[in-house]
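1. How does the following fold in three dimensions:
(chains A, B, C and D)
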Number of protein chains: 4
Amino acid sequence: MIMDLQKRKELKKKLYTIIFKTDTEEGKRFDIILLNVILLSVILAAIESVVAFNARYALPFRICEWIITILFTIEYATRIYCSPNRKKYIFSVYGIIDLLSILPFFIGILYSSTHYLIVIRALRLLRIFRILKLTHFLKEGNHLVDSLRRSVKKIMIFTYFIMILVTILGALMYLVEGSVNPSFSNIPKSIYWAVVTITTVGYGDITPITFLGQTISVIVMLLGYSILAVPTGIISSELIKPLRKKNITCPNCGEN
Amino acid sequence: MIMDLQKRKELKKKLYTIIFKTDTEEGKRFDIILLNVILLSVILAAIESVVAFNARYALPFRICEWIITILFTIEYATRIYCSPNRKKYIFSVYGIIDLLSILPFFIGILYSSTHYLIVIRALRLLRIFRILKLTHFLKEGNHLVDSLRRSVKKIMIFTYFIMILVTILGALMYLVEGSVNPSFSNIPKSIYWAVVTITTVGYGDITPITFLGQTISVIVMLLGYSILAVPTGIISSELIKPLRKKNITCPNCGEN
Amino acid sequence: MIMDLQKRKELKKKLYTIIFKTDTEEGKRFDIILLNVILLSVILAAIESVVAFNARYALPFRICEWIITILFTIEYATRIYCSPNRKKYIFSVYGIIDLLSILPFFIGILYSSTHYLIVIRALRLLRIFRILKLTHFLKEGNHLVDSLRRSVKKIMIFTYFIMILVTILGALMYLVEGSVNPSFSNIPKSIYWAVVTITTVGYGDITPITFLGQTISVIVMLLGYSILAVPTGIISSELIKPLRKKNITCPNCGEN
Amino acid sequence: MIMDLQKRKELKKKLYTIIFKTDTEEGKRFDIILLNVILLSVILAAIESVVAFNARYALPFRICEWIITILFTIEYATRIYCSPNRKKYIFSVYGIIDLLSILPFFIGILYSSTHYLIVIRALRLLRIFRILKLTHFLKEGNHLVDSLRRSVKKIMIFTYFIMILVTILGALMYLVEGSVNPSFSNIPKSIYWAVVTITTVGYGDITPITFLGQTISVIVMLLGYSILAVPTGIISSELIKPLRKKNITCPNCGEN
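-> This next block holds a predicted model:
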């Protein structure tokens, strides 16, 4: 009995290193298999939305879906089983993502008797969010992620400033183009145009046609051009910061 | 009587800290309420420009407008009342913005008897500029704003250079495409195209169709691509500057 | 006689400081007038290309053109007159630009008797290149210009690399889309598409329609996205370089 | 006999310096000729794909093709001949590229008796990849290439993150726009839209039409705007790194 407990403990520990850690041979192999299953699952969900494909290969799609869900269910169960602190895992972001990637399927089975097809379709679509399982592989403590986190506040102030700017630009263009150009028939549309232009996306679904409108657009673009540089500058300077502090130790005398 | 004056003074001071300062609990609460009212007001003005919405909900829109304007009027009156230097506030940028955000409404009432609908519509639109009230929240002395201010002169020289470039490119494309492509029928349009292209906005409302025109476009794009880097470099180097000054300790005497 | 020579010399020197230098009160005033005349001239040339405008206001346009050309002729003559080294000025880039900004007009008069309208139109158009006269105001020794000059070689290597890339991408898309999509009917067009895409201009006049084509496009865009960063990095690092070298002198002991 | 061997050895050595090295007068001349022949060859292959051109000038095109292929064959043979380690050259990347740039032509001759026109066309197209021969001129040990190589891993993580993001955004837009907008009729298309938007390419072939869809688009664009800065920051910081290491002299002991 004690031996049995001992064995279980060992198994649990072994499973834990395989599933949660990546520094062993088996851990790496598990990660690669998981990565591929997730990608396959997402690609299947995406292809299923293509009507022509779905009508043709309905059965193989369903079989694949069954297999993948069973695999993810086993993975979820094992993760709970071997986790040292089960409650912490279940309510962690990763735990919730793992649950959400299997739940819709089971709800779908329950509701399949009903005729609420729209519910089933929505649930089926949720499977695409399984791609969030990939976040398991984004290691924390990453230099890149840290820099981005430190930049967030500055970028927020910047976005706030952009919001004021595009509202004013949108209202201006509505005044100038609104009466002759149906594309600028209301302010929300004009703000949409201002964002499309200032971010240099430039779909071309809404374009100015009057001379004054085009002149304002030219100014907006040259403005957006320079503004584009601000978040770049912010993130660049954050990425360079830690680099500077670390490097200043002298290799010969050990002082700064 | 003296007590009354004393009380008034205290009230004024308290109101001042609530409205103008942000470091007290009440000051913060006031700011959040103000922020929301401004955003609501701007969103209302934007939605009102959508014809279908406006026709349907004319009455609730008008009521909301009344409430918001009364709130802003009270805010403006209180700001004048509790300001230590009234004249300075009234003629400051913020004071003028605060006045302009209520004035159009009152002018609108005066003119409602007349049939100059266009005047009323223009005044109604002005309300969207209430978003400028949000600048109250942009604190001065900000590192970001400082860096941008220092970059302005360099960016100006750069914009000046871009202006020369797009004029020449526009004239060139007018020569090349003008006779076969109605989109390039005059130079201002061609300059508009040059700006749209060099800033990588790329609407696609004006595109070259001749082989030579497309070849020039390709060169313009690759050019614009590298040019895009200049303002980024300028702002990045400005953002990094103060960072550097802090970190440099003199190697000989140990002082900064 | 000697006095006269002395006077002439003084006049020449004075004219020289006004026209070529910008550090005196009069020199600045001259520059501002010149700047405005150039801009006016360019704007006129641009507007003249708009057919409707030109037909209506043919006479005032011609009069303005006469006045501006006379002014530029006087400026050119004075520049030659007061230049300490006339030959050097005449054959310098600025001298040639100054000549080219008046020459087309005089040739136009000579050829007006003939019926080669196309020649006259081309000459008229050349006036837009008067904007190059603005380069007078771009001071040399500028930090910005220096950084750009030092980056040119690296940017060239980079452009060279981009050229190889877009050729391969263009050929690939021609293979994939060529047979079903008339927009990709030949390789030069496909290369044009590749440049439009990789520089994130994205006109939308040529877009992939097959699934494989769209998949390749997605890869190209994500590629272009990262590549966009290279010239920025090059120029940024050049702009930061001199900054670093200058700052390292200690304010206390004067050593580095 | 020995003299002959000696001569051969000398010839081999001389040919080696001309073809593989660039530091002699003759080496440079050879490189320039090669560069021009490659470019000519690529331009010919590109123009040949234009149907109208090809029909007209079929014969001159074929003659040029013959000449260029013979030149490349001679170059390939010489490179093998004078290479100190023949096996190494033949199986190096450059060796394979050199072979591939002549092979299709000879296969084309063998198959010309058959009527598999599609095979010939595909082979003919392969000639455009001769542009890869240009990589001969990209010197290794380049600072720029080094920086890019060091950035690759970080850029990969970033691209991985972008992939997760666009999948989720695509699914979201499919949910929101799918039922009313045929452009968003399936998830792969929506993901394609998300990439086009977030990279600021903005073709405009797929654009949102509902209010909610446009609102999400606006958020995506402002997001993409800030994200655009990340690879720039990464590459910039890599480009600046070596620069810093050189400049830092230890303040205490004076060594690096």
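2. in chain A, what residue is nearest chain C?
-> For chain A, the residue closest to chain C is A:G204, as judged by C-beta to the nearest C-beta, at 5.6 Å. (Glycine included, C-beta is placed from N, CA and C.)
3. Check whether that residue really touches C:V201, as I assumed.
-> No - the pair A:G204 / C:V201 is not scored as a contact, 11.1 Å apart, by C-beta atoms under 8 Å.
4. show me what contacts A:V220?
-> Taking C-beta atoms under 8 Å, 6 or more residues apart in numbering or on different chains, we find A:V220 in contact with A:L169, A:A194, A:T197, A:I198.
5. dump the residue contacts of the last one.
-> Okay, so that is A:I198. A:I162, A:L165, A:V166, A:L169, A:V220, A:M221, A:L223, A:G224, A:I227.
6. Now flag whichever of the residues you listed is closest to C:Y16.
-> Of all the contacts of A:I198, A:L223 has the smallest distance to C:Y16: 39.1 Å, by C-beta to C-beta.
7. and that closest one, how many residues sit next to it?
-> A:L223 has 16 neighbours, counted by other C-beta atoms under 10 Å in any protein chain shown.
8. Within the helices and strands, which one has the residue of chain A closest to chain C?
-> Element membership for A:G204 (DSSP states H and E) is empty, with no helix or strand holding it.
9. Could you check which of A:G204 and C:V201 is surrounded by more residues?
-> Between A:G204 and C:V201, counting by other C-beta under 10 Å, C:V201 is the more crowded of the two (31 against 24).
10. Return the backbone torsion pair for the more buried one.
-> In this entry, C:V201 is assigned phi and psi values of phi -70, psi -60 (degrees, to the nearest 10).
11. Please report the distance of it from chain A.
-> With distances taken as C-beta to the nearest C-beta, to the nearest Å, C:V201 is found 8 Å from chain A.
12. Check the contact between that residue and B:T200; I expect there is one.
-> Yes - taking C-beta under 8 Å as the definition, C:V201 is a contact partner of B:T200 at 4.9 Å.
13. returning to what we had before: would you mind listing the residues touching both of A:G204 and C:V201?
-> Counting by C-beta under 8 Å, 6+ apart, the residues touching both A:G204 and C:V201 are B:G202.
14. what's the burial count for A:D23?
-> Burial measure for A:D23: 7 neighbouring residues, criterion other C-beta under 10 Å.
15. Regarding it, what is its secondary structure?
-> coil (DSSP: H, G, I helix; E, B strand; the rest coil).
16. give me every residue that touches A:L11.
-> By C-beta under 8 Å, 6+ apart, the contact list for A:L11 reads A:C82.
17. For the helix or strand where it lies, what is the distance to the chain centroid?
-> Using DSSP H and E, A:L11 sits within helix A:2-20. Here the centre of mass of C-alpha atoms in helix A:2-20, compared against the chain's by C-alpha atoms, centre = their mean, to the nearest Å, lies 34 Å away.
18. and what of stretch A:33-53?
-> Its chain's C-alpha centre and that of stretch A:33-53 lie 16 Å apart, by C-alpha atoms, centre = their mean.
19. what does the average pLDDT come to for that stretch?
-> Here the mean pLDDT over stretch A:33-53 is 82, rounded to a whole number.
20. where does the stretch 151-256 of chain A have low pLDDT?
-> A:242-256 (pLDDT under 70).
21. Which residues of the stretch 51-200 of chain A lie near chain C?
-> Among all residues of the stretch 51-200 of chain A, those adjacent to chain C (criterion: C-beta under 8 Å from any C-beta of the partner chain) are A:T200.
22. could you pull out the helices for the stretch 51-200 of chain A?
-> Assigned by DSSP state H, counting those that start in this stretch, the helices in the stretch 51-200 of chain A fall at A:51-56, A:58-82, A:86-90, A:93-100, A:103-111, A:117-126, A:143-177, A:187-198.
23. what comes up buried for the following helix or strand past the last one?
-> Along the chain past helix A:187-198, the next helix or strand (assigned with DSSP H and E) turns out to be helix A:211-227. By neighbour count, with 16 or more other C-beta atoms under 10 Å in any protein chain shown as the criterion, the buried positions of helix A:211-227 are A:213-214, A:216-218, A:220-227.
24. go on, stretch A:67-86?
-> Within stretch A:67-86, the residues that count as buried by 16+ other C-beta under 10 Å are A:I68, A:T69, A:F72, A:T73, A:E75, A:Y76, A:R79, A:C82, A:S83.
25. tell me the phi and psi of the nearest residue to the first one once chain neighbours are set aside?
-> So that's A:I68. Counting by C-beta to C-beta, 6 or more residues apart in numbering or on different chains, A:S41 is the residue found nearest to A:I68 once chain neighbours are left out, at 4.8 Å. Per-residue torsions, A:S41: phi -60, psi -40 (degrees, to the nearest 10).
26. Report the separation between A:S41 and C:E238.
-> With distances defined as C-beta to C-beta, to the nearest Å, the gap from A:S41 to C:E238 amounts to 47 Å.
27. circling back to that earlier point, between the contacts of A:I198, which is nearest chain D?
-> A:I162 (6.6 Å).
28. which stretches of the stretch 1-150 of chain A aren't confidently modelled?
-> Under the criterion of pLDDT under 70, the regions of the stretch 1-150 of chain A flagged as low confidence span A:1-3, A:111-125, A:127, A:130, A:133, A:135-144.
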